[in-house]
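Q: Pasted the sequence and its predicted model underneath.
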Amino acid sequence: MKYLFLISTVILFLLLSCEDVNVQTEYSGKGTIKSGTDTFFISADDSRNFLPKNLSDEYKINELRVEFRGNIEKNDQGPPNMEVIELTYIKKI
């Protein structure tokens, strides 16, 4: 019985201490589409930079102003100072 309690406690501790590696956070704002070397990104009005995973061709226009919303994904391998976002809404303004 003592071992069962100990094993259960260890398993519970391990489960609670695990970090979710695919954490997503919602974001919405306005910004400007910018072109990089071979990609497009959104420079938001609050100085954050977003690399959209699903930017359609009609929005790939340098200096285009947009209103957008999406889910920010944890990205350990992306460009520095750039957050990966999956857009759920985008509109020209």
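A: Looks like it arrived, so ask away.

Q: Counting neighbours, which bits of the lengthiest strand in the chain end up buried?
A: Secondary structure of the chain per DSSP state E: the longest strand is strand 24-35. Residues of strand 24-35 classed as buried by neighbour count (16 or more other C-beta atoms under 10 Å): 27, 31, 33. Every residue, glycine included, has its C-beta placed from N, CA and C.

Q: Is it correct that the last one is in contact with residue 68?
A: If I follow you right, that is residue 33. No: the criterion here is C-beta atoms under 8 Å, and residue 33 misses it with residue 68 at 9.5 Å.

Q: At which residues are the helices of this protein located?
A: Counting by DSSP state H, the chain has these helices, from start to end: 2-17.

Q: Sketch out the low-pLDDT regions of the chain for me.
A: For the chain, the stretches with pLDDT under 70 are 1-6, 8, 10, 12-24, 78.

Q: switch to 80 and redo it
A: Counting by pLDDT under 80, the ranges of the chain that qualify are 1-24, 75-80.

Q: Need the residue closest to the centroid of it.
A: residue 72 (1.9 Å; C-alpha atoms, centre = their mean).

Q: before we move on, the earlier item: mind listing residues that contact the longest strand of the chain?
A: Contacts of strand 24-35 with the rest of the structure, by C-beta atoms under 8 Å, 6 or more residues apart in numbering, involve 40-46, 48, 50, 55, 59-74, 85, 89, 93.

Q: strand partners of that strand, parallel vs antiparallel please.
A: strand 40-44 (antiparallel), strand 65-73 (antiparallel) (DSSP bridges).

Q: of those, which approaches residue 7 most closely?
A: Comparison of the strands paired with strand 24-35 against residue 7 by C-beta to C-beta identifies strand 65-73 as nearest, at 34.9 Å.
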